[in-house]
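Peer 1: let's see this in three dimensions:
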Amino acid sequence: MMMMLAAGEGCYEAPRAAALAGVPLSTVYDWSRKGVVTPSISPVREKLWSYADLIQLRMVSWLRHPKEADDGAKVRATPMSEVRTTLTFMEAHGLDLWSGELGTQTATGLSVDRTGKLWIELPTGEFVDTAGRQTLKLGADYLDLLKPYTVAGLVGPHLLRPRSHLRIVPLKVAGEPHVERSRITTRTIAALHERGFNADRIAAMYEIEHAAVEQAIDLEAQLSSAAGIAA
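Peer 2: Prediction:
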């Protein structure tokens, strides 16, 4: 199990975790059973995943899938033994993805290359490996673990800014996607919409922008669709 300091917050049931991570639900359960990515909030019924677990799910998924280098060369999937070595290193060194006050956090850039090696973005914009050595070239062989992630037809949203008016903050509303500068979750807005409230009425009720309501409804539709596919 990997803990990432402040990023260890957030609480998601399996379908929600799978949809946000962009990883099939069956895979999420399989990795849980095998101890690859164990839900850190609750490893027993009901299993609950943290925000840090979402990032870990993406990383393992990226490593476990074959890739294509810039020159067209095929790159094998990383063996699970190497994935476990990477996870062990991350757990031993604890990575804090956040800085700033609650509600204004920014993410530290965390990327993983096709070999499973971790790279961290410094405030200068430079990337260094876990030994502090610099690398000068970033390309298709690297994955920003917070940006939208697609695999097997599933699309996981940006894990900080799923839409321009929406945010995900691990320490806020249990890590649920919500309207920026508020505690209004996208689930709440989608539930009202399903009950027949239109976007204009919801926006007026909460005194938020119409665009934020539309984006919340769109995000929840995406997550619901992903959960359906994953199941």
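Peer 1: where does the protein have low pLDDT?
Peer 2: 1-8, 69-73, 82, 85-110, 114-116, 118, 120-125, 130-132, 134-142, 228-231 (pLDDT under 70).
Peer 1: quick one, longest helix in it?
Peer 2: If you go by DSSP state H, the chain has its longest helix at helix 210-230.
Peer 1: buried set for it?
Peer 2: Neighbour counts over helix 210-230 (16 or more other Cβ atoms under 10 Å) mark 212-217, 219-220, 222-223, 226-227, 230 as buried. From N, CA and C alone the C-beta is placed, and that goes for glycine too.
Peer 1: what's the answer for stretch 42-61, then?
Peer 2: Here stretch 42-61 shows 47-61 as buried, counting by 16+ other Cβ under 10 Å.
Peer 1: then stretch 26-43?
Peer 2: Under 16+ other Cβ under 10 Å, the buried positions of stretch 26-43 are 27-28, 31-32, 36-41.
Peer 1: so which of the residues you listed are in strands?
Peer 2: If you go by DSSP state E, the buried residues of stretch 26-43 have nothing in strands.
Peer 1: ok, the residues you listed vs L145, which is closest?
Peer 2: V37 (13.1 Å; Cβ to Cβ).
Peer 1: how many neighbours does I208 have?
Peer 2: I208 has 19 neighbours, counted by other Cβ atoms under 10 Å.
Peer 1: pull the contacting residues for it.
Peer 2: Shown in contact with I208 (Cβ atoms under 8 Å, 6 or more residues apart in numbering): 179, 182, 184.
Peer 1: right, I'll call it a day here.
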